[in-house]
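Asker: after the sequence you'll find the predicted model.
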Amino acid sequence: MNILSIRLILIASVLIGACSHQQMYDTIQINQKNECLKLPQEADEKCIESVNRSYGQYEAQRQEAIKK
């Protein structure tokens, strides 16, 4: 894990009490996309597609998983 990732995680951890679930999701998603951009082009496109979903889609999937 690089130093930027560690900083982002620490900042996110400090702000957890003050942030909504959507803000935390957005912050984590940005970090994941940044990590994808470090990959070769063919791989980064697939990586970004895999993390590119809206908070609404994420929440629906999360709620579905909770019901199981």
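Answerer: Alright, I've got the coordinates.

Asker: what is the neighbour count of Ile11?
Answerer: Neighbour count for Ile11, taken as other C-beta atoms under 10 Å: 11. Where C-beta positions appear, they are placed from N, C-alpha and C, glycine not excepted.

Asker: tell me how far it lies from Ala65.
Answerer: 27 Å (C-beta to C-beta, to the nearest Å).

Asker: repeat that for Leu39.
Answerer: From Leu39 to Ala65 the distance is 27 Å (C-beta to C-beta).

Asker: out of those two, which sits in the more crowded spot?
Answerer: Neighbours were tallied for Leu39 and for Ala65 using other C-beta under 10 Å; the higher tally belongs to Leu39 (13 against 8).

Asker: could you look up the SS state of that one?
Answerer: Per DSSP: H, G, I helix; E, B strand; the rest coil, the local secondary structure of Leu39 is coil.

Asker: was I right about Tyr55 contacting Gln23?
Answerer: No - Tyr55 is beyond contact range of Gln23, at 9.3 Å (criterion: C-beta atoms under 8 Å).

Asker: against which helices or strands is the longest helix seen in the chain packed?
Answerer: In the chain, with assignment by DSSP state H, the single longest helix is helix 21-36. Packing partners of helix 21-36 (3 or more C-beta pairs under 8 Å, 6 or more residues apart in numbering; DSSP states H and E): helix 3-15, helix 41-51, helix 55-67.

Asker: what's the angle from the last one to helix 21-36?
Answerer: Same thing as helix 55-67. Taking axes from the mean of the first three to the mean of the last three C-alpha atoms, to 10 degrees, one finds helix 55-67 and helix 21-36 inclined to each other by 110 degrees.

Asker: ok, now the first one?
Answerer: Per the same axes, to 10 degrees, the angle that helix 3-15 makes with helix 21-36 is 170 degrees.
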